[in-house]
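>>> sequence-free structure coming up:
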């Protein structure tokens, strides 16, 4: 489209002199010219040290019939990608089967696996846990399986991690970035410590910090935001410690247990301290 527009501009600017026989060709000044070498299949190589979004874009750009993107594994073998992955699919490789989890002092994040589904299903049907940050309604196993399949294979706007305690290797919760807007480079954050015995022990703060670090560095996100019930003072305090700032209040925005609750909006930018 740009070439077509440029051609139209050139014709409009030069047609009169061309028809009059007055147009003069001007030889290109080779000193001012730019040169690029021919692209080779080797240019499709990437490293897992690169950000997730960079790997995702390279894989997406080099699908067949082009020579595909690839990396070289520990054994020296070339591993190619001939099908597009979602950003979450790339994340699952980088922090899962290919690389290691994200680690803090006592907490680590690893990508969600299908075998985690049963545990998460129990948590999202735990009414006392859910109403901390959203209205509760029971979810059927069929609907939940459909959500898992969509998340694992199709969604471009979500990455989800399991939270583990390092000492016991126990799964204690989940956190995710969702509603990712790639144009505006923003994402919504949600976290749930499903094992209530780990509430108030600092694992949530570590998980939020790891997730924000991932969003800013790996996804090139500029702004991460969240909503929290104004009555959830413990969560608001935790988010504040993690660098989130109050951005507004949605009055009576949630109807929980027969009463209206205000919802606080908080956000963090990638250059916030």
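That came through, no problem. Please read all numbers here as calculations on a predicted model, not as lab measurements. Residues are numbered from 1 along each chain as shown.
>>> C-alpha from now on. contacts and neighbour counts both.
OK.
>>> how about the strands in the stretch 1-150 of the chain?
Using DSSP state E, counting those that start in this stretch, the strands of the stretch 1-150 of the chain run over 69-72, 78-81, 102-103, 107-111.
>>> nearest to residue 180, of those?
Nearest to residue 180, of all the strands of the stretch 1-150 of the chain, is strand 107-111, at 17.0 Å by CA to CA.
>>> which neighbours in the sheet does that closest one have, and how are they oriented?
Paired neighbours of strand 107-111 in the sheet (DSSP bridges): strand 102-103 (antiparallel), strand 159-165 (antiparallel).
>>> for it, which outside residues touch it?
With contact meaning CA atoms under 8 Å, 6 or more residues apart in numbering, strand 107-111 is reached by 91-92, 95-96, 100-103, 160-166, 203, 206-207, 210.
>>> buried ones among these?
Among the contacts of strand 107-111, those classed as buried by 16 or more other CA atoms under 10 Å are 91-92, 95-96, 101-103, 160-165, 203, 206-207, 210.
>>> re the thing from before, deepest-packed of the strands of the stretch 1-150 of the chain, please.
Among the strands of the stretch 1-150 of the chain, the stretch with the highest mean neighbour count (mean count of other CA atoms under 10 Å) is strand 107-111, at a mean of 24.
>>> now that one: mean pLDDT?
The pLDDT scores in strand 107-111 average 93.
>>> quick one: contacts of stretch 11-23?
In contact with stretch 11-23 (CA under 8 Å, 6+ apart) are no residues whatsoever.
>>> just stretch 38-48 next, same as before
So stretch 38-48 is contacted by 55, 58, 62, 67, 68, 69, 70, 71, 72, 94, 99 (CA under 8 Å, 6+ apart).
>>> figure out the length between the terminal residues of it.
End-to-end span of stretch 38-48 (CA to CA, to the nearest Å): 25 Å.
>>> what of stretch 40-53?
Stretch 40-53 has an end-to-end distance of 22 Å (CA to CA).
>>> pLDDT score assigned to the closest residue in space to residue 73 that isn't next to it in sequence?
Among residues not flanking residue 73 along the chain, residue 79 sits closest, at 7.0 Å (CA to CA, 6 or more residues apart in numbering). In this model, residue 79 is scored at 96, pLDDT.
>>> OK, contacts around residue 79?
Contacts of residue 79 by CA under 8 Å, 6+ apart are 70, 71, 72, 73.
>>> need those residues in JSON lines with distance to residue 253, can you?
Shown next, in JSON lines, are those (distance: CA to CA, whole Å):
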{"residue": "70", "distance to residue 253": "47"}
{"residue": "71", "distance to residue 253": "48"}
{"residue": "72", "distance to residue 253": "51"}
{"residue": "73", "distance to residue 253": "50"}
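>>> quickly list what the nearest residue to residue 186 once chain neighbours are set aside is bridged to.
Nearest residue to residue 186, sequence neighbours excluded (CA to CA, 6+ apart): residue 223, at 4.7 Å. Judged by DSSP bridges, the bridge partners of residue 223 are residue 186, residue 269.
>>> ditto for residue 260
Under the criterion used (DSSP bridges), residue 260 bridges to residue 255.
>>> quick one: it from residue 250, how far?
In terms of CA to CA, residue 260 sits 11 Å off from residue 250.
>>> what do you get for residue 181?
22 Å.
>>> one more: residue 184?
Relative to residue 250, residue 184 is positioned 22 Å away (CA to CA).
>>> which one's more surrounded, these two?
residue 250 (14 against 10; other CA atoms under 10 Å).
>>> quick one: that one and residue 263 touch, right?
Yes. Counting by CA atoms under 8 Å, residue 250 touches residue 263, with 5.1 Å between them.
>>> can you confirm residue 184 is in a strand?
No. Under DSSP: H, G, I helix; E, B strand; the rest coil, residue 184 sits outside any strand and is assigned coil.
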